[in-house]
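# Everything below, folded, please.
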Amino acid sequence: MYSVLCTKKDMGIFSFFSTDKKETLDKGLAKTKENVFSKLSRAVMGKSKVDDDVLDNLEEVLITSDVGVETTLKIIERIENRVSHDKYVNTEELTNILREEITSLLVGNDSDESSDFDPPKDKKPYVIMVVGVNGVGKTTTIGKLAYHFKKAGHKVMLGAADTFRAAAVEQLMAWGERVGVTVIKQKMGSDPASVAFDTLSSAVANDVDVVIIDTAGRLHNKVNLMNELTKIKNVMKKVVPNAPHEVLLVLDGSTGQNAFEQAKQFTAATEVNALAITKLDGTAKGGVVIGISDQFHIPVKYIGLGEGLEDLQIFRKREFVDSLFGEKG
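Reported below is the predicted structural model:
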(Lines give C-alpha, C1' and ligand atoms only; values in the text may rest on other atoms or scores of the structure.)
Protein backbone atom coordinates (compact mmCIF):
# COMPACT_ATOMS: atom_id res chain seq x y z
CA MET A 1 0.00 0.00 0.00
CA TYR A 2 1.17 3.47 -0.83
CA SER A 3 -0.25 6.61 0.69
CA VAL A 4 0.42 10.21 -0.13
CA LEU A 5 -0.26 12.95 2.38
CA CYS A 6 -0.66 16.31 0.73
CA THR A 7 -0.67 19.49 2.75
CA LYS A 8 0.05 22.07 0.11
CA LYS A 9 -1.75 25.27 1.12
CA ASP A 10 -1.05 27.08 -2.10
CA MET A 11 -3.83 26.06 -4.50
CA GLY A 12 -1.85 27.29 -7.52
CA ILE A 13 -3.95 27.29 -10.66
CA PHE A 14 -6.89 26.03 -8.59
CA SER A 15 -7.14 29.33 -6.67
CA PHE A 16 -10.22 30.44 -8.53
CA PHE A 17 -12.09 33.56 -7.52
CA SER A 18 -15.23 32.69 -5.58
CA THR A 19 -18.30 34.23 -7.22
CA ASP A 20 -21.85 34.47 -6.01
CA LYS A 21 -23.41 31.00 -6.29
CA LYS A 22 -26.69 32.23 -7.71
CA GLU A 23 -24.85 34.26 -10.33
CA THR A 24 -22.81 31.16 -11.23
CA LEU A 25 -25.99 29.10 -11.50
CA ASP A 26 -27.70 31.68 -13.72
CA LYS A 27 -24.64 31.97 -15.95
CA GLY A 28 -24.17 28.22 -16.15
CA LEU A 29 -27.76 27.61 -17.22
CA ALA A 30 -27.94 30.61 -19.57
CA LYS A 31 -27.74 28.60 -22.81
CA THR A 32 -30.38 26.13 -21.66
CA LYS A 33 -32.63 29.01 -20.61
CA GLU A 34 -32.13 30.77 -23.93
CA ASN A 35 -32.79 27.55 -25.83
CA VAL A 36 -35.97 26.68 -23.93
CA PHE A 37 -37.44 30.15 -23.89
CA SER A 38 -36.77 30.98 -27.51
CA LYS A 39 -38.60 27.78 -28.43
CA LEU A 40 -41.33 28.42 -25.88
CA SER A 41 -41.92 31.92 -27.23
CA ARG A 42 -42.35 30.53 -30.72
CA ALA A 43 -44.67 27.82 -29.42
CA VAL A 44 -47.18 30.33 -28.01
CA MET A 45 -46.69 33.13 -30.55
CA GLY A 46 -50.01 34.57 -31.67
CA LYS A 47 -51.99 32.46 -29.18
CA SER A 48 -54.21 33.97 -26.51
CA LYS A 49 -54.94 30.74 -24.65
CA VAL A 50 -53.49 27.30 -24.09
CA ASP A 51 -55.09 25.03 -26.68
CA ASP A 52 -54.10 21.77 -28.39
CA ASP A 53 -51.73 23.55 -30.76
CA VAL A 54 -49.88 25.19 -27.88
CA LEU A 55 -49.61 21.87 -26.04
CA ASP A 56 -48.32 20.13 -29.17
CA ASN A 57 -45.73 22.87 -29.62
CA LEU A 58 -44.78 22.71 -25.94
CA GLU A 59 -44.30 18.96 -26.21
CA GLU A 60 -41.85 19.49 -29.06
CA VAL A 61 -40.01 22.20 -27.10
CA LEU A 62 -39.48 19.92 -24.09
CA ILE A 63 -38.38 16.90 -26.12
CA THR A 64 -35.89 18.92 -28.17
CA SER A 65 -34.58 20.43 -24.92
CA ASP A 66 -33.50 16.95 -23.77
CA VAL A 67 -36.15 16.63 -21.07
CA GLY A 68 -36.93 13.17 -22.47
CA VAL A 69 -40.08 11.70 -24.00
CA GLU A 70 -41.59 10.05 -20.90
CA THR A 71 -41.08 13.07 -18.65
CA THR A 72 -42.35 15.40 -21.39
CA LEU A 73 -45.57 13.40 -21.77
CA LYS A 74 -46.03 13.47 -18.00
CA ILE A 75 -45.66 17.26 -17.95
CA ILE A 76 -48.05 17.71 -20.87
CA GLU A 77 -50.65 15.46 -19.22
CA ARG A 78 -50.46 17.44 -15.99
CA ILE A 79 -50.84 20.73 -17.84
CA GLU A 80 -53.80 19.34 -19.81
CA ASN A 81 -55.48 18.37 -16.54
CA ARG A 82 -54.94 21.82 -15.06
CA VAL A 83 -56.21 23.55 -18.19
CA SER A 84 -59.33 21.35 -18.28
CA HIS A 85 -60.18 22.29 -14.69
CA ASP A 86 -59.91 26.01 -15.36
CA LYS A 87 -62.32 27.89 -17.54
CA TYR A 88 -59.54 29.90 -19.13
CA VAL A 89 -55.74 29.68 -19.04
CA ASN A 90 -53.78 32.16 -21.09
CA THR A 91 -50.31 31.68 -22.45
CA GLU A 92 -48.81 34.04 -19.88
CA GLU A 93 -49.91 31.66 -17.13
CA LEU A 94 -48.34 28.73 -18.95
CA THR A 95 -44.84 29.59 -17.74
CA ASN A 96 -45.91 29.58 -14.09
CA ILE A 97 -47.75 26.28 -14.54
CA LEU A 98 -44.75 24.79 -16.32
CA ARG A 99 -42.30 25.85 -13.62
CA GLU A 100 -44.56 24.43 -10.89
CA GLU A 101 -44.88 21.08 -12.64
CA ILE A 102 -41.14 20.84 -13.34
CA THR A 103 -40.32 21.67 -9.72
CA SER A 104 -42.65 18.92 -8.53
CA LEU A 105 -40.91 16.36 -10.77
CA LEU A 106 -37.38 17.17 -9.64
CA VAL A 107 -35.89 14.99 -6.91
CA GLY A 108 -33.36 16.94 -4.89
CA ASN A 109 -32.60 19.25 -2.01
CA ASP A 110 -35.15 21.97 -1.42
CA SER A 111 -33.77 23.44 1.79
CA ASP A 112 -31.71 26.54 2.41
CA GLU A 113 -29.37 25.02 4.94
CA SER A 114 -26.49 27.36 5.74
CA SER A 115 -23.81 24.69 5.41
CA ASP A 116 -23.58 22.93 2.05
CA PHE A 117 -21.00 20.24 2.70
CA ASP A 118 -21.74 18.71 6.09
CA PRO A 119 -21.92 14.90 6.24
CA PRO A 120 -24.29 13.27 8.76
CA LYS A 121 -22.76 13.41 12.24
CA ASP A 122 -23.78 9.82 13.02
CA LYS A 123 -21.81 8.41 10.06
CA LYS A 124 -18.06 8.73 10.53
CA PRO A 125 -16.31 8.30 8.29
CA TYR A 126 -18.99 9.20 5.75
CA VAL A 127 -18.15 7.03 2.74
CA ILE A 128 -18.93 8.10 -0.83
CA MET A 129 -18.35 5.66 -3.69
CA VAL A 130 -18.23 7.47 -7.03
CA VAL A 131 -19.23 5.70 -10.26
CA GLY A 132 -19.55 6.79 -13.88
CA VAL A 133 -17.96 6.34 -17.30
CA ASN A 134 -14.64 7.87 -18.29
CA GLY A 135 -14.83 11.42 -19.57
CA VAL A 136 -17.85 12.64 -17.60
CA GLY A 137 -15.77 14.59 -15.10
CA LYS A 138 -15.79 11.88 -12.41
CA THR A 139 -12.29 12.39 -11.00
CA THR A 140 -12.59 16.17 -11.27
CA THR A 141 -15.87 16.03 -9.35
CA ILE A 142 -14.14 13.99 -6.63
CA GLY A 143 -11.40 16.61 -6.38
CA LYS A 144 -13.93 19.41 -6.11
CA LEU A 145 -15.94 17.51 -3.49
CA ALA A 146 -12.76 17.01 -1.48
CA TYR A 147 -12.07 20.74 -1.71
CA HIS A 148 -15.57 21.68 -0.50
CA PHE A 149 -15.64 19.17 2.36
CA LYS A 150 -12.20 20.31 3.50
CA LYS A 151 -13.22 23.95 3.19
CA ALA A 152 -16.19 23.15 5.45
CA GLY A 153 -13.73 21.96 8.10
CA HIS A 154 -13.81 18.20 7.54
CA LYS A 155 -10.87 15.80 7.33
CA VAL A 156 -11.01 14.13 3.90
CA MET A 157 -9.34 11.05 2.39
CA LEU A 158 -9.47 9.80 -1.21
CA GLY A 159 -9.12 6.23 -2.48
CA ALA A 160 -7.78 5.59 -6.00
CA ALA A 161 -9.72 2.39 -6.74
CA ASP A 162 -9.72 2.97 -10.52
CA THR A 163 -6.62 0.79 -10.81
CA PHE A 164 -7.09 -0.01 -14.50
CA ARG A 165 -6.22 3.43 -15.84
CA ALA A 166 -2.96 5.11 -14.87
CA ALA A 167 -4.28 8.53 -15.86
CA ALA A 168 -7.13 8.21 -13.34
CA VAL A 169 -4.76 7.53 -10.46
CA GLU A 170 -2.40 10.32 -11.54
CA GLN A 171 -5.26 12.77 -11.86
CA LEU A 172 -6.59 11.89 -8.41
CA MET A 173 -3.09 12.23 -6.95
CA ALA A 174 -2.82 15.69 -8.51
CA TRP A 175 -6.13 16.71 -6.96
CA GLY A 176 -5.02 15.39 -3.59
CA GLU A 177 -1.86 17.47 -3.78
CA ARG A 178 -3.64 20.62 -4.86
CA VAL A 179 -6.50 20.37 -2.39
CA GLY A 180 -4.30 19.10 0.43
CA VAL A 181 -5.86 15.73 1.28
CA THR A 182 -4.55 12.19 1.68
CA VAL A 183 -4.79 9.84 -1.31
CA ILE A 184 -4.50 6.07 -0.85
CA LYS A 185 -3.34 4.09 -3.89
CA GLN A 186 -1.79 0.77 -4.87
CA LYS A 187 0.09 -0.37 -7.97
CA MET A 188 -1.71 -0.45 -11.31
CA GLY A 189 -3.90 -3.49 -11.84
CA SER A 190 -4.42 -4.05 -8.12
CA ASP A 191 -7.76 -5.28 -6.84
CA PRO A 192 -10.00 -2.17 -6.52
CA ALA A 193 -11.67 -3.69 -3.45
CA SER A 194 -8.25 -3.94 -1.79
CA VAL A 195 -7.69 -0.22 -2.35
CA ALA A 196 -11.11 0.53 -0.85
CA PHE A 197 -10.29 -1.67 2.18
CA ASP A 198 -6.94 0.06 2.74
CA THR A 199 -8.51 3.49 2.35
CA LEU A 200 -11.28 2.89 4.88
CA SER A 201 -8.90 1.20 7.33
CA SER A 202 -6.60 4.22 7.17
CA ALA A 203 -9.56 6.58 7.47
CA VAL A 204 -10.79 4.91 10.65
CA ALA A 205 -7.28 4.89 12.15
CA ASN A 206 -6.80 8.59 11.37
CA ASP A 207 -10.24 9.83 12.48
CA VAL A 208 -11.22 10.97 8.96
CA ASP A 209 -14.65 12.55 8.45
CA VAL A 210 -15.24 11.93 4.73
CA VAL A 211 -13.89 9.20 2.44
CA ILE A 212 -14.37 9.40 -1.33
CA ILE A 213 -13.60 6.29 -3.39
CA ASP A 214 -13.00 6.55 -7.14
CA THR A 215 -13.97 3.50 -9.24
CA ALA A 216 -13.23 2.36 -12.78
CA GLY A 217 -15.18 4.27 -15.42
CA ARG A 218 -15.89 1.38 -17.72
CA LEU A 219 -19.28 0.53 -19.17
CA HIS A 220 -18.27 -3.05 -19.84
CA ASN A 221 -20.44 -6.14 -19.44
CA LYS A 222 -23.15 -5.25 -16.93
CA VAL A 223 -22.64 -8.46 -14.94
CA ASN A 224 -18.92 -7.77 -14.56
CA LEU A 225 -19.61 -4.18 -13.58
CA MET A 226 -22.17 -5.30 -11.03
CA ASN A 227 -19.82 -7.92 -9.57
CA GLU A 228 -16.93 -5.46 -9.32
CA LEU A 229 -18.96 -2.74 -7.59
CA THR A 230 -20.64 -5.27 -5.30
CA LYS A 231 -17.25 -6.65 -4.23
CA ILE A 232 -15.99 -3.15 -3.42
CA LYS A 233 -19.10 -2.42 -1.36
CA ASN A 234 -18.90 -5.72 0.53
CA VAL A 235 -15.25 -5.12 1.43
CA MET A 236 -16.08 -1.61 2.65
CA LYS A 237 -18.70 -2.99 5.04
CA LYS A 238 -16.04 -5.09 6.75
CA VAL A 239 -14.38 -1.87 7.88
CA VAL A 240 -17.29 0.56 8.12
CA PRO A 241 -20.75 -0.99 8.61
CA ASN A 242 -23.36 0.28 6.10
CA ALA A 243 -20.65 1.73 3.84
CA PRO A 244 -20.82 3.15 1.29
CA HIS A 245 -23.36 5.61 2.63
CA GLU A 246 -23.57 7.32 -0.75
CA VAL A 247 -23.17 5.84 -4.23
CA LEU A 248 -22.73 8.90 -6.40
CA LEU A 249 -23.24 8.53 -10.16
CA VAL A 250 -21.54 11.26 -12.19
CA LEU A 251 -23.19 12.11 -15.53
CA ASP A 252 -22.14 14.55 -18.25
CA GLY A 253 -25.13 16.87 -18.80
CA SER A 254 -23.78 18.06 -22.15
CA THR A 255 -24.32 14.59 -23.67
CA GLY A 256 -28.09 14.89 -23.37
CA GLN A 257 -29.84 11.60 -24.00
CA ASN A 258 -26.59 9.61 -23.72
CA ALA A 259 -26.63 10.47 -20.02
CA PHE A 260 -29.97 8.64 -19.76
CA GLU A 261 -28.40 5.44 -21.08
CA GLN A 262 -25.48 5.71 -18.67
CA ALA A 263 -27.88 6.24 -15.77
CA LYS A 264 -29.83 3.16 -16.87
CA GLN A 265 -26.67 1.01 -16.98
CA PHE A 266 -25.29 2.06 -13.61
CA THR A 267 -28.58 2.02 -11.71
CA ALA A 268 -29.03 -1.56 -12.96
CA ALA A 269 -25.52 -2.49 -11.79
CA THR A 270 -25.55 -0.95 -8.31
CA GLU A 271 -27.74 0.93 -5.85
CA VAL A 272 -27.12 4.52 -6.88
CA ASN A 273 -28.63 6.96 -4.37
CA ALA A 274 -27.23 10.30 -5.53
CA LEU A 275 -26.43 12.03 -8.83
CA ALA A 276 -23.89 14.64 -9.86
CA ILE A 277 -24.58 16.18 -13.26
CA THR A 278 -21.56 17.97 -14.69
CA LYS A 279 -20.72 20.27 -17.61
CA LEU A 280 -24.06 22.11 -17.58
CA ASP A 281 -22.29 25.35 -18.43
CA GLY A 282 -21.91 26.02 -22.13
CA THR A 283 -24.62 23.56 -23.14
CA ALA A 284 -28.28 23.99 -24.05
CA LYS A 285 -29.04 20.45 -22.82
CA GLY A 286 -29.71 21.34 -19.17
CA GLY A 287 -33.22 19.93 -19.55
CA VAL A 288 -31.64 16.50 -19.11
CA VAL A 289 -31.52 17.19 -15.35
CA ILE A 290 -35.32 17.23 -15.27
CA GLY A 291 -35.78 13.97 -17.17
CA ILE A 292 -33.09 12.00 -15.35
CA SER A 293 -34.34 13.13 -11.94
CA ASP A 294 -37.91 12.20 -12.80
CA GLN A 295 -37.25 8.90 -14.57
CA PHE A 296 -34.82 7.40 -12.07
CA HIS A 297 -36.23 8.95 -8.86
CA ILE A 298 -32.72 9.54 -7.58
CA PRO A 299 -31.86 12.88 -5.95
CA VAL A 300 -29.62 15.20 -7.95
CA LYS A 301 -27.15 16.19 -5.25
CA TYR A 302 -24.53 18.20 -7.14
CA ILE A 303 -24.31 20.09 -10.41
CA GLY A 304 -21.18 21.21 -12.24
CA LEU A 305 -21.30 24.66 -13.80
CA GLY A 306 -17.72 25.33 -14.82
CA GLU A 307 -14.04 24.56 -14.30
CA GLY A 308 -13.63 26.51 -11.04
CA LEU A 309 -13.67 24.81 -7.65
CA GLU A 310 -16.67 26.86 -6.58
CA ASP A 311 -18.56 25.88 -9.75
CA LEU A 312 -19.57 22.54 -8.23
CA GLN A 313 -22.73 23.36 -6.33
CA ILE A 314 -25.27 21.64 -4.13
CA PHE A 315 -28.36 21.15 -6.30
CA ARG A 316 -31.46 22.91 -4.99
CA LYS A 317 -34.43 22.37 -7.23
CA ARG A 318 -36.21 25.70 -6.66
CA GLU A 319 -33.03 27.64 -7.34
CA PHE A 320 -32.50 25.55 -10.47
CA VAL A 321 -36.02 26.26 -11.76
CA ASP A 322 -35.70 29.96 -10.86
CA SER A 323 -32.55 30.14 -12.97
CA LEU A 324 -34.32 28.49 -15.91
CA PHE A 325 -37.48 30.58 -15.75
CA GLY A 326 -36.36 33.70 -13.88
CA GLU A 327 -37.49 34.68 -10.40
CA LYS A 328 -41.22 34.23 -9.96
CA GLY A 329 -42.92 37.58 -9.86
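# For the protein, which element, helix or strand, carries the lowest mean pLDDT?
For the chain, counting by mean pLDDT, DSSP states H and E, strand 2-4 ranks last in confidence among helices and strands (a mean of 45).
# who's the nearest residue to residue 144 once chain neighbours are set aside bridged to?
Nearest non-adjacent residue to residue 144, counting by Cβ to Cβ, 6 or more residues apart in numbering: residue 312, 4.1 Å away. From N, CA and C alone the C-beta is placed, and that goes for glycine too. Beta-bridge pairing for residue 312 (DSSP bridges): residue 304.
# what sits against residue 243?
With contact taken as Cβ atoms under 8 Å, 6 or more residues apart in numbering, residue 243 is in contact with 127, 200, 233, 236, 237.
# Recalculate using a threshold of 6 Å.
Neighbouring residues of residue 243 by Cβ atoms under 6 Å, 6 or more residues apart in numbering: 127, 236, 237.
# Write the PyMOL selection for whichever of the residues you listed are buried.
Restricted to buried positions by 16 or more other Cβ atoms under 10 Å, the PyMOL selection for these reads:
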select buried, resi 127+236
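# Could you export the contacts of residue 243 as CSV, including distance to residue 160, pLDDT and secondary structure?
Shown next, in CSV, are those (distance: Cβ to Cβ, whole Å; pLDDT from 0 to 100; DSSP: H, G, I helix; E, B strand; the rest coil):
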residue, distance to residue 160, pLDDT, secondary structure
127, 15, 98, strand
236, 15, 97, helix
237, 20, 96, helix
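# which residue ranges form the helices in the stretch 1-150 of the chain?
Using DSSP state H, counting those that start in this stretch, the helices of the stretch 1-150 of the chain run over residues 21-28, 30-44, 52-64, 69-85, 91-105, 138-151.
# State the number of residues packed around the closest residue to residue 288 other than its chain neighbours.
Nearest non-adjacent residue to residue 288, counting by Cβ to Cβ, 6+ apart: residue 66, 4.4 Å away. When neighbours are defined as other Cβ atoms under 10 Å, residue 66 has 28 of them.
# same deal with residue 56?
12.
# For it, give me the pLDDT.
Residue 56 is assigned a pLDDT of 90 by the prediction.
# State the three-state secondary structure for residue 277.
strand (DSSP: H, G, I helix; E, B strand; the rest coil).
# so how far is residue 270 from the residue lying closest to it once chain neighbours are set aside?
Once flanking residues are discounted, residue 277 sits nearest to residue 253: 4.6 Å by Cβ to Cβ, 6+ apart. Between residue 253 and residue 270 the computed distance is 21 Å (Cβ to Cβ, to the nearest Å).
# who's more crowded, these two?
A side-by-side neighbour count of residue 253 and residue 270, using other Cβ under 10 Å, places residue 253 first with 27 against 20.
# Done for today, thanks.
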